[in-house]
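# structure, please.
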Amino acid sequence: MARASALVLILAGLLGATPAGAEHEVYYRYVVLGFVTDARGRPLAGRPVELVRDKTGFSYLDETDATGFYLIVSRLGDESAGERLTLMVGATTLVLTARFDPANHTDDRATRVDLEGPTLVERSSSFRSTLINALAH
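Numbers count the residues shown, from 1 in each chain. You can find the predicted model right below:
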């Protein structure tokens, strides 16, 4: 249910709609999504994924679906540009930097990170196409 709500909020942002409440605006969130696969590229379902805001220690959680897909919506405002986030899938971790222009309140603030076997790989440029594909299913 949480994933469906997150997808609806992101879809509303993509379509230009304004959901009630400022916390749902693009400038109050940072989205991390991706796929978790084994070394042979097979999706791993039911894997816990955690994104930790290093500054506060607050965690955002999700679990991969049948295709290995996960989506985490964290609450970061304009002042959080450049902040460190730690993504964890099992024992594998990757420190991310929240990269976005704090003056831009239109474009998504997000990245894609895939776990391929033992390695987390960031693919920021693939975020939007991955999100659109996830919304279509």
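# for the residue in the chain sticking out farthest from the centre, which non-adjacent residue is closest in space?
Among residues of the chain, the one most distant from the C-alpha centroid is Arg40; the distance is 23.5 Å, by C-alpha atoms, centre = their mean. Distances taken as C-beta to C-beta, 6 or more residues apart in numbering place Gly117 nearest to Arg40, at 8.0 Å, with adjacent residues excluded. C-beta coordinates here come from the backbone N, C-alpha and C atoms, glycine included.
# the one you found touches Val36, doesn't it?
No - the criterion here is C-beta atoms under 8 Å, and Gly117 misses it with Val36 at 10.0 Å.
# pick out whichever of the two has more residues nearby.
Val36 (26 against 10; other C-beta atoms under 10 Å).
# low pLDDT regions in this protein?
Along the chain, segments meeting pLDDT under 70 span 1-24.
# longest strand in it, by residue count?
Longest strand of the chain, by residue count under DSSP state E: strand 29-37.
# what comes up buried for the helix or strand just after that strand?
The C-terminal neighbour of strand 29-37 among helices and strands, as given by DSSP states H and E, is strand 48-53. Neighbour-count burial for strand 48-53 flags Val49, Glu50, Leu51, Val52, Arg53 (criterion: 16 or more other C-beta atoms under 10 Å).
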